[in-house]
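Chemist: Everything below, folded, please.
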Amino acid sequence: MTVPTKAMGRRWNSVEAREARLAWMLISPTALITLGLVIFPAIFSVWVSFHDVGLHNLNDVFRAPFVGLDNYRKVFEDFAFKFQGMQSWGAAVTSIVYSFASTILTIIVGLIAALLLNRPFRARGLTRAIFLFPYVAPIVSIAFVWRWILDPRPSGVVNDILMRLNLIDLPQAYLATRGLALVLVIIFEAWRYFPFAMLMILARLQAVDNNMYEAADVDGANTWQKFINITIPELRYVLGAIFLLRLLWTFNKFDDIFLLTGGGFGTKVLPVLTYEFSFRLYDFGRGSATAMILLIIVIIFMGIYVSTVMKGTGK
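Modeler: Next up, the predicted model:
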């Protein structure tokens, strides 16, 4: 055996080499799952967006004809996507309004809840657990409860209460009224996800030094002044992180709106439009193009956020 061969054999049998092989063996199942369920579908979606893929050629999808940007042109020209005035915002504008409004409302409600739960009172632990219910409960059950509450028939909870109080004469279809349906979906989104913001804000509030509040009391500051000059500056990083995470998650949200309204009555957002192109029209190329447009918009928002908000808070 030559000297180089012996050296290679020693390196192969060394402790470092055996540990490296063991590490690759341990991470290979996760790597394969990630490759098969995340990386490959993402790359394949990009490929599909440039090809004519439908039910007619699913049995030979990799030979689908290349159409370039034709799928993207069809999406931009579709009446369900583009802005057509105040009566029809289109999925793109609706997604932006829905995402920003529900994210801001989620943070506001979460901040108020965190401030209330940060104060000592009896059964505070139980109250915190109750506040977590909207976030941990299954989305399907919650959505159907809300649909029952807002049911357009007289048996709906809201209609029954308002009719008993003589505030309305006939039952109203709240989730089938354009404009109001979007407002209700935004409120539902804020109600469901405010516990996430509450937990993060509450954790940061409990780490704030009480000496700063005591010093402010000595200087004669009132509650509002302490909130503006102490609490908000201490929470700025947490609020920025919550805003970014919730905005990205909400922008990609599909199940909440689909279960409540099915995307109708002015609540059609880009994820719902992607579903309709792909699984109702069976135009998978156009559905993938819509998903890519959604991805580009999210990347733009992330770039704006990182270059402005994060840069400003990092000073």
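Chemist: what's the spacing between the closest residue in space to Leu69 that isn't next to it in sequence and Asp70?
Modeler: Nearest non-adjacent residue to Leu69, counting by CB to CB, 6 or more residues apart in numbering: Phe50, 7.6 Å away. C-beta: built from backbone N, CA, C; applies to glycine. Per CB to CB, to the nearest Å, Phe50 is found 9 Å from Asp70.
Chemist: which non-adjacent residue is nearest Asn57?
Modeler: Asn57 sits nearest to Ala64 (CB to CB, 6+ apart), 5.3 Å away.
Chemist: How about Val46?
Modeler: Met292 (6.5 Å).
Chemist: give me the element that neighbour is part of.
Modeler: Assigned by DSSP states H and E, Met292 belongs to helix 284-304.
Chemist: Any chance you could give me that helix in PDB, C-alpha atoms only?
Modeler: C-alpha atoms of helix 284-304 as PDB (Å, rounded to 0.1, in the frame of the first residue of the first chain):
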ATOM      1  CA  PHE A 284     -52.000  25.300 -13.400                       C
ATOM      2  CA  GLY A 285     -49.700  27.500 -15.400                       C
ATOM      3  CA  ARG A 286     -51.800  30.600 -14.500                       C
ATOM      4  CA  GLY A 287     -52.200  29.500 -10.900                       C
ATOM      5  CA  SER A 288     -48.400  29.200 -10.600                       C
ATOM      6  CA  ALA A 289     -47.900  32.600 -12.200                       C
ATOM      7  CA  THR A 290     -50.300  34.100  -9.600                       C
ATOM      8  CA  ALA A 291     -48.300  32.500  -6.900                       C
ATOM      9  CA  MET A 292     -45.000  33.900  -8.300                       C
ATOM     10  CA  ILE A 293     -46.600  37.400  -8.400                       C
ATOM     11  CA  LEU A 294     -47.600  36.900  -4.800                       C
ATOM     12  CA  LEU A 295     -44.000  35.900  -4.000                       C
ATOM     13  CA  ILE A 296     -42.600  39.000  -5.800                       C
ATOM     14  CA  ILE A 297     -44.900  41.300  -3.800                       C
ATOM     15  CA  VAL A 298     -43.900  39.700  -0.500                       C
ATOM     16  CA  ILE A 299     -40.200  40.100  -1.400                       C
ATOM     17  CA  ILE A 300     -40.800  43.800  -2.300                       C
ATOM     18  CA  PHE A 301     -42.500  44.400   1.100                       C
ATOM     19  CA  MET A 302     -39.600  42.600   2.900                       C
ATOM     20  CA  GLY A 303     -37.100  44.800   1.100                       C
ATOM     21  CA  ILE A 304     -38.900  48.000   2.000                       C
END
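Chemist: Show me what it is packed up against.
Modeler: helix 40-48, helix 70-77, helix 90-117, helix 232-251, helix 270-279 (3 or more CB pairs under 8 Å, 6 or more residues apart in numbering; DSSP states H and E).
Chemist: Gly303: which of those is closest?
Modeler: Among the helices and strands packed on helix 284-304, helix 232-251 comes nearest to Gly303, with 11.5 Å by CB to CB.
Chemist: who touches the closest one?
Modeler: Contacting residues not belonging to helix 232-251 are listed as 95, 98-100, 102-104, 106-107, 110-111, 189, 193, 196-197, 200-201, 204-205, 208, 270, 294, 297-298, 301-302, 305, 309-310, 313 [CB atoms under 8 Å, 6 or more residues apart in numbering].
Chemist: I'd assumed Val93 was in contact with Val269.
Modeler: No: the criterion here is CB atoms under 8 Å, and Val269 misses it with Val93 at 9.8 Å.
Chemist: The two: which is more packed in?
Modeler: Comparing Val269 with Val93 by neighbour count (other CB atoms under 10 Å), the higher total belongs to Val269, at 28 against 15.
Chemist: Not counting its neighbours along the chain, what's nearest that one?
Modeler: Per CB to CB, 6+ apart, closest to Val269 is Ser95, 4.2 Å.
Chemist: Would you state the helices of the stretch 51-200 of the chain in chain order?
Modeler: Taking DSSP state H, counting those that start in this stretch as the criterion, the stretch 51-200 of the chain carries its helices at 70-77, 90-117, 124-131, 133-136, 139-149, 157-164, 180-205.
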